[in-house]
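Q: 3D, please:
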Amino acid sequence: MDIIFIDQLRATALIGIYPREKAMPQTVEISLQIGTSTASAGASDDIRHTIDYAVVTERLRAELAARQFNLLERLAEYVATLLLEDFGATWVRVSIAKLGMMRGVQRVGVIIERGAAA
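A: Below is the predicted model:
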């Protein structure tokens, strides 16, 4: 399996359980490892034969702008499902962090791994 990665994508999202979090968008940082075969793209040199990280990035920003989540865990599941179902990934690792949410803590977050249904 090959891995396409996107590291430290910053996007704005309404995420959280506290009233101030529900009212004001905050920056989240997303890192992805996307398992897929890149053999066809490597042979053809054609973007249509792989997962286009620019399209993934654009889609994630649009989805986060249009939705609200209570928990990072739910957002991570949403992103994983999107990559597996809409982009055809066979495996994903999704890391999502809130930045500067707690005094003396740079980042808090969650990392999940999911595979496509057999």
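
Q: ok, longest strand in this protein?
A: strand 2-15 (DSSP state E).

Q: I'd like the average pLDDT over the helix or strand following that one.
A: Next in sequence after strand 2-15, counting helices and strands by DSSP states H and E, comes helix 19-23. Summarised as a single mean, pLDDT over helix 19-23 is 89.

Q: What is helix 19-23 packed up against?
A: Secondary-structure packing of helix 19-23 (3 or more CB pairs under 8 Å, 6 or more residues apart in numbering; DSSP states H and E): strand 2-15. C-beta here means a position set from N, CA and C on the backbone, and glycine is covered the same way.

Q: Which elements pack onto the strand it packs on?
A: The contact analysis (3+ CB pairs under 8 Å, 6+ apart) places strand 2-15 against helix 19-23, strand 26-36, helix 53-66, strand 68-69, helix 72-86.

Q: swap the cut-off to 10 Å and go again
A: Other elements packing on strand 2-15 under the criterion 3 or more CB pairs under 10 Å, 6 or more residues apart in numbering; DSSP states H and E are helix 19-23, strand 26-36, helix 39-44, helix 53-66, strand 68-69, helix 72-86, strand 91-102.

Q: Identify the spatial nearest neighbour of the spatially most central residue of the chain, chain neighbours not counted.
A: With distances taken as CA atoms, centre = their mean, Val79 lies nearest the centre of the chain, 4.8 Å away. Of all residues not flanking Val79 in the chain, Val94 sits nearest, at 4.9 Å (CB to CB, 6 or more residues apart in numbering).

Q: In terms of pLDDT, where does that neighbour sit?
A: We have a pLDDT of 98 for Val94.

Q: How about the one 10 residues further on?
A: With respect to pLDDT, Gly104 scores 86.

Q: and Thr90, how far is that from Thr81?
A: Going from Thr90 to Thr81 by CB to CB, to the nearest Å gives 14 Å.
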